[in-house]
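A.B. asks: Make a model of this:
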Amino acid sequence: MSFGKKDEDAESRGVFYDKSQVLLETRVFNETPLNPRKSRLLLGKVLTLLYTGEHLTRAEATDLFFATTKLFQNKDPGLRQIIYLLIKELADKADDVLMVTSSLTKDINAKPEELFASPNLLSSAAASFGFSFGSRTTSLSSASAALGAGAGPGAVLGTNVCHRANALRAICRIMDPSTIPAIERFLKQAIVDRTAAVSTAALVSSYHVFPVARDLVRRWVNEVQEALTSPKVTSTSPSAYLSTGYIVQYHALGLLYLIRQADRMAVAKLVQSLARTSNVRSQWAQCMLVRFAVKCCEDESASFGGKNMVSVDGSLSAAMYEYLKSLCNNNDMVMLEAARALVSMVNSTPASLTATQVQPAVTALQQLLVSPKPALKFAALRTLHQLAQVNASLVTTCNLDMEQLVSDSNRSIATFAITTLLKTGTESSVDRLMKQISSFMSEISDEFKVIIIDAIRVLAVKFPAKQAVMLSFLASVLRDEGGVLPDCLETALAHLCEFIEDCEFTKLAVRILHLLGAEGPKTRDPAKYLRYIYNRVILENSNVRAAAVTALAAFGAHVDAVRPTVRVLLTRCLDDPDDEVRDRATFNLAALDQAELRAQYLLNDTVLAVPTLQAKLAHYTAAGDFTSAVDVAAVPRIPKAELVPARRRAGSPTRGGAMNSPMLGSPAMRTMTPTLGPATPTPAAAAAGPTGASTQWLEKEPLLAPLLPTLFKSTTAVPLTDRELEYHVSVVKHVFRDWLVLEIEVVNTMPEVLLENVAVSLVPDTPIDTVMKQMAVVPIASLKAHDAQRVFVAFQRAPGAVPTVSFATKLTMTVKDCDPVTHVPDSDQGYPEEFAVEDVDITLADYMLPTTVPDFSSAWDALDEPSQVVETLQVPGIPTLAVAVAQIVDLLGMRALEGSNMVPAEKHAHTLVLGGVFLGGVPVLVRVRMVLDAGAQAVAMEVAVRAGVPEVAQVVAQALQG
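C.D. replies: Numbers count the residues shown, from 1 in each chain. Prediction:
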């Protein structure tokens with residue numbers, strides 16, 4: 001172990017070693033005869049310095065290393081152990097560490113008789129295990145007789161095993177990629193060694209060797225497979241080194257997966273074969289196998305478009321589910337892991353398990369709730385809490401057991417029990433739970449407090465009759481982060497008004513004033529809140545006064561009856577000593593007096609997409625051309641309401657949950673779990689348009705970087721290949737004012753292949769020479785295994801042209817066989833190859849940014865009626881109106897406004913309204929009136945389109961006709 005900085009607790013432990021003094025004392029290593037005990041203590045001081053972050057120069061580390069190698073002449077077991085530790089620490093700090101290879105190799109192959117040739121060494125080794133021999137004990141055989149016929153020389157043999165295991169660990173730390181083949185024979189022999197400690201050391205060392213010698217380690221599959229299936233010897237002696245617990249299986253399974261992880265079929269075959277047999281007896285290996293089984297289910301589901309394959313007879317997922325279900329009756333650790341795995345497969349996607357399929361996991365977790373071990377109870381509750389967030393009805397069978405844990409002395413267990421009950425409990429239990437929460441609220445951490453508040457917020461919606469009780473609790477802790485429920489709005493605002501009268505925290509007062517300005521005008525008597533707000537103008541600091549001015553303006557804008565009163569109060573603020581308060585008062589007075597300004601600035605419930613605006617400003621300033629203004633019209637607007645859920649998802653500790661933690665514990669295993677691709681973007685993110693993250697690769701290309709100031713939109717990545725193919729390809733479309741650039745990402749998953757001159761061939765399905773012309777292709781010069789690089793294809797469009805086309809796409813490349821480790825090609829000669837992928841479609845949605853408007857009717861009337869285009873359509877093959885709405889939104893790439901994307905199931909007539917910004921900053925509004933003919937499964941539509949430019953309205957209407 002080694003820390004990157006000095007141990008902050010070293011002083012509290014009384015460790016005070018001076019580096020110079022310790023290095024000076026290493027001269028004792030040259031003494032004759034050598035004092036093993038004194039040398040051990042000195043090496044312990046050196047390790048303490050290294051472990052607490054003390055830095056050694058290259059020269060100091062090298063001198064210390066060579067001084068330590070002299071100690072190999074002494075065969076004292078305790079001294080030899082600490083030498084191994086120091087060699088591992090100095091492996092990357094000293095020069096010429098390979099000089100010690102011969103000594104370590106000798107220890108790896110040494111027999112007990114060679115290590116303990118003298119009676120003194122034999123007695124020293126035995127003494128370390130609590131035994132003492134007489135003067136006649138001079139060999140291992142006589143030691144065996146002295147210990148007794150039943151015991152044998154196990155204690156002394158254990159020291160030899162420890163020497164071999166630690167020598168293996170040390171030698172793998174000092175070897176480099178070019179010298180590792182020299183010790184391959186020793187590692188392969190050690191992997192199948194009959195002693196668990198030696199086999200485990202070899203397997204763990206192979207983890208560290210794998211990143212630099214992948215091809216070499218892959219040749220050890222047979223030895224690793226033997227270590228996995230052959231149990232090691234178990235001794236009845238007190239030696240810890242001969243005792244196993246099938247820990248070798250855990251390390252062997254991990255290494256075997258590491259070797260085969262690039263081959264999905266090989267991994268599936270491995271997991272299936274082990275799941276069918278009972279050879280895996282290690283509980284740690286079983287837990288790891290559970291995680292591999294879940295990974296196989298996820299991969300199979302992704303291959304079939306996110307379908308729940310557990311219900312498909314004969315599928316891999318069905319076999320894995322039966323295996324996981326069978327483990328729910330195993331020991332505690334494996335049962336918990338299997339239950340967590342099943343719960344992790346319950347979500348809101350089509351691949352989710354059904355209530356019946358997840359029931360074995362709930363039953364297993366219910367058994368763990370009554371376990372005497374606090375860790376098991378906590379883990380079971382945490383998993384049930386995770387499940388309750390997705391489907392609370394599945395957890396109701398555990399309510400009685402969880403109620404028993406509410407009074408648990410462990411507050412973490414009690415907190416999770418209460419928060420889970422708040423999601424699954426009944427209305428009659430709310431009062432009792434609230435009293436229990438209040439009794440220990442001051443004893444838990446802020447993280448758990450936020451979890452409780454979040455659960456209460458959900459419960460308030462579920463049981464409106466209990467909102468008064470919950471509001472009293474929320475007012476006492478003053479930690480409500482969410483919106484206020486409409487039925488209890490005035491009660492909540494009254495609590496907040498009383499609180500800010502003596503609030504000493506500026507940030508909290510500002511947030512409360514903002515909430516009063518947003519929610520106060522919606523109450524039955526808005527005027528009563530003006531006194532509380534204006535008191536802040538008189539009594540508080542400038543930050544709070546500025547927030548109060550804005551809150552007063554919100555009342556004046558939304559409530560006509562109080563507007564004269566607000567105008568008087570704002571007039572008094574014009575003499576405020578702070579310029580920010582004066583400026584806000586002046587601006588709001590002007591806005592209140594003019595209806596147009598009031599609607600634009602005070603009643604507008606939308607905001608500009610900040611990421612898009614930021615990217616445009618960055619490109620604008622980088623270009624250095626300030627003769628024209630920034631095109632703000634091309635920046636979409638999004639509702640303010642969408643920003644709050646996004647912040648809450650990012651900040652709440654209950655989002656994500658325990659089930660998203662890394663699956664694999666060891667560092668080597670954490671590195672081998674591939675990602676599942678980008679998450680689905682939120683509506684706000686989808687409307688954001690081009691951002692710095694989406695254009696980072698364009699900025700690195702000299703031919704394309706000058707185009708960035710005119711960038712209008714960058715789409716999300718669209719996969720063009722399946723996950724199991726040898727090359728992973730995806731495309732991002734960048735739409736500029738006069739250009740279209742396709743960014744095609746290519747990932748090579750074949751370690752034995754090097755790709756060169758990777759380009760893309762695009763063949764349109766219709767002639768496009770008159771509207772768009774391919775101008776440049778930026779190929780990939782060289783693509784190694786597991787590397788992701790990009791090909792850029794640039795098209796220049798004719799002025800005003802927005803072509804929609806489908807390109808037949810294929811990769812062209814030169815393939816060379818190479819070394820899987822160094823990626824050096826076997827020869828300079830390669831062979832050409834073509835690789836077909838899915839078509840790249842350019843649609844109308846690529847030229848449209850979704851946006852929102854505060855009032856659709858007003859915005860519709862504001863656009864000129866002569867620009868309106870009306871079309872009547874009859875679309876067959878649509879079973880419901882919800883399907884029709886989804887297809888129209890996807891086709892046009894616009895935003896559904898005023899909740900018109902939500903269609904009740906029983907409804908047969910509906911009106912969909914959409915908003916968007918077309919290429920060039922042209923506003924577009926669409927109104928679709930539709931009627932469903934359920935018998936014919938067809939929808940009749942009347943589509944009306946209005947745009948700032950009549951030609952754009954015609955293009956949008958034609959897209960729906962096509």
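A.B. asks: Only C-alpha atoms from now on, for both contacts and neighbour counts.
C.D. replies: Fine.
A.B. asks: isn't there a strand covering Gln796?
C.D. replies: Yes. Under DSSP: H, G, I helix; E, B strand; the rest coil, Gln796 sits within a strand.
A.B. asks: neighbours around the residue nearest to it when sequence neighbours are not counted, how many?
C.D. replies: Leaving aside its sequence neighbours, Gln796 sits nearest to Trp739 (CA to CA, 6 or more residues apart in numbering; 4.5 Å). Neighbourhood size, Trp739 [other CA atoms under 10 Å]: 21.
A.B. asks: ok, now Leu574?
C.D. replies: 17.
A.B. asks: same check, this time on Glu31
C.D. replies: The local packing of Glu31 (other CA under 10 Å) involves 9 other residues.
A.B. asks: Against Pro779, how distant is it?
C.D. replies: 66 Å (CA to CA, to the nearest Å).
A.B. asks: got the residue ranges for the helices in the stretch 301-450 of the chain?
C.D. replies: Under the criterion DSSP state H, counting those that start in this stretch, helices of the stretch 301-450 of the chain are mapped to 316-326, 332-344, 355-368, 374-390, 399-404, 411-424, 430-440, 446-462.
A.B. asks: now for the very next helix or strand once past the last one, which elements pack on it?
C.D. replies: What that stands for is helix 446-462. Next helix or strand after helix 446-462 toward the C-terminus (DSSP states H and E): helix 467-477. On a contact count with 3 or more CA pairs under 8 Å, 6 or more residues apart in numbering; DSSP states H and E, helix 467-477 meets helix 430-440, helix 446-462, helix 489-500.
A.B. asks: Buried residues, the shortest one. List them.
C.D. replies: Of the residues in helix 430-440, those scored as buried under the neighbour-count criterion (16 or more other CA atoms under 10 Å) are Val430, Leu433, Met434, Ile437.
A.B. asks: export the residues you listed to CSV and tack on pLDDT and distance to Arg80?
C.D. replies: Formatted as CSV, the buried residues of helix 430-440 follow (pLDDT from 0 to 100; distance: CA to CA, whole Å):
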residue, pLDDT, distance to Arg80
Val430, 74, 65
Leu433, 74, 61
Met434, 76, 62
Ile437, 71, 57
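A.B. asks: Now flag whichever of those residues is closest to Leu912.
C.D. replies: Distance to Leu912, by CA to CA, is smallest for Val430 among these, at 40.8 Å.
A.B. asks: ok, then the element right after the one helix or strand Asn543 maps to?
C.D. replies: Assigned by DSSP H and E, Asn543 belongs to helix 542-558. Once the chain leaves helix 542-558, the next helix or strand it forms, by DSSP H and E, is helix 563-572.
A.B. asks: Now that next one: buried residues?
C.D. replies: Judged by neighbour count using 16+ other CA under 10 Å, the buried positions of helix 563-572 are Arg563, Val566, Arg567, Leu569, Leu570.
A.B. asks: same question, stretch 175-192
C.D. replies: Across stretch 175-192, burial judged by 16+ other CA under 10 Å covers Met175, Ile180, Leu187, Lys188, Ala190, Ile191, Val192.
A.B. asks: residues contacting the fourth one?
C.D. replies: In other words, Lys188. By CA atoms under 8 Å, 6 or more residues apart in numbering, the contact list for Lys188 reads Ala202, Trp220, Glu223.
A.B. asks: Show the average pLDDT along the helix holding Asn543.
C.D. replies: For helix 542-558, mean pLDDT is 93.
A.B. asks: Please apply the same query to stretch 785-800.
C.D. replies: Average pLDDT, stretch 785-800: 89.
A.B. asks: what does it contact?
C.D. replies: For stretch 785-800, the surrounding residues in contact (CA under 8 Å, 6+ apart) are 738-754, 758-760, 770-780, 783, 823.
A.B. asks: Stretch 700-717 too?
C.D. replies: Stretch 700-717 is contacted from outside by 616, 619-620, 623, 634, 689-691, 694-695, 698-699, 730-737, 846-849, 919-920, using CA under 8 Å, 6+ apart.
A.B. asks: Ala609 contacts Arg637, doesn't it?
C.D. replies: Yes. Contact status for Ala609 versus Arg637: in contact at 5.6 Å, counting by CA atoms under 8 Å.
A.B. asks: circling back to that earlier point, would you mind listing which of the contacts of stretch 785-800 are buried?
C.D. replies: In these, the ones that pass as buried (16+ other CA under 10 Å) are 738-754, 758-760, 772, 774, 777-780, 783, 823.
A.B. asks: still on that earlier bit, among Ala609 and Arg637, which residue is more densely surrounded?
C.D. replies: Applying other CA under 10 Å to Ala609 and Arg637 shows that Arg637 carries more neighbours, namely 26 against 20.
A.B. asks: Look at that one and report its pLDDT.
C.D. replies: pLDDT, Arg637: 71.
A.B. asks: For the residue lying closest to Tyr321 once chain neighbours are set aside, give me its contacts.
C.D. replies: Distances taken as CA to CA, 6+ apart place Val310 nearest to Tyr321, at 6.6 Å, with adjacent residues excluded. By CA under 8 Å, 6+ apart, the contact set of Val310 is Cys297, Leu316, Ser317, Ala318, Ala319, Tyr321, Leu353.
A.B. asks: Over to Val805?
C.D. replies: By CA under 8 Å, 6+ apart, the residues touching Val805 are Pro764, Asp765, Thr766, Asp841, Ile842, Thr843.
A.B. asks: Please report how far it lies from Met772.
C.D. replies: As defined by CA to CA, Val805 lies at a distance of 10 Å from Met772.
A.B. asks: Domains in this protein, by residue range?
C.D. replies: The chain breaks down into these domains under the TED database: 486-604, 695-842, 847-959.
A.B. asks: Can you say which of those domains is nearest to Ser206?
C.D. replies: With CA to CA, the closest approach to Ser206 among these belongs to domain 695-842: 14.8 Å.
A.B. asks: ok, residues contacting stretch 858-874?
C.D. replies: By CA under 8 Å, 6+ apart, the residues outside stretch 858-874 that reach it are 853, 925, 938-950, 953-954, 957, 961.
A.B. asks: what do you get if the cut-off is 10 Å, keeping everything else the same?
C.D. replies: Identification of contacts with stretch 858-874 by CA atoms under 10 Å, 6 or more residues apart in numbering yields 853, 856, 915, 923-931, 938-958, 960-961.
A.B. asks: And it, how far out from the chain middle?
C.D. replies: With CA atoms, centre = their mean, to the nearest Å as the basis, stretch 858-874 stands 44 Å off its chain's centre.
A.B. asks: Keeping just the C-alphas, turn it into CSV.
C.D. replies: C-alpha atoms of stretch 858-874 as CSV (Å, rounded to 0.1, in the frame of the first residue of the first chain):
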residue,chain,number,x,y,z
SER,A,858,-50.4,34.3,-28.8
ALA,A,859,-47.3,33.0,-30.6
TRP,A,860,-49.6,31.5,-33.3
ASP,A,861,-51.4,34.7,-33.9
ALA,A,862,-48.1,36.6,-33.9
LEU,A,863,-46.9,34.7,-37.0
ASP,A,864,-48.3,35.9,-40.3
GLU,A,865,-51.4,34.0,-41.5
PRO,A,866,-50.3,34.2,-45.1
SER,A,867,-47.3,31.9,-44.2
GLN,A,868,-49.7,29.2,-43.0
VAL,A,869,-49.8,25.9,-44.8
VAL,A,870,-52.6,23.5,-44.2
GLU,A,871,-52.6,19.8,-45.2
THR,A,872,-55.1,17.0,-44.6
LEU,A,873,-53.7,13.5,-44.2
GLN,A,874,-54.9,9.9,-43.6
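A.B. asks: And the helices in the stretch 551-700 of the chain?
C.D. replies: If DSSP H, counting those that start in this stretch is used as the criterion, the helices of the stretch 551-700 of the chain fall at 563-572, 579-593, 595-597, 610-623, 643-651, 667-670, 683-686, 696-699.
A.B. asks: and these as CSV, adding mean pLDDT and distance to Thr105?
C.D. replies: Formatted as CSV, the helices of the stretch 551-700 of the chain follow (pLDDT from 0 to 100; distance: least, CA to CA, whole Å):
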stretch, mean pLDDT, distance to Thr105
helix 563-572, 93, 86
helix 579-593, 92, 76
helix 595-597, 81, 84
helix 610-623, 74, 59
helix 643-651, 47, 53
helix 667-670, 37, 25
helix 683-686, 44, 58
helix 696-699, 80, 49
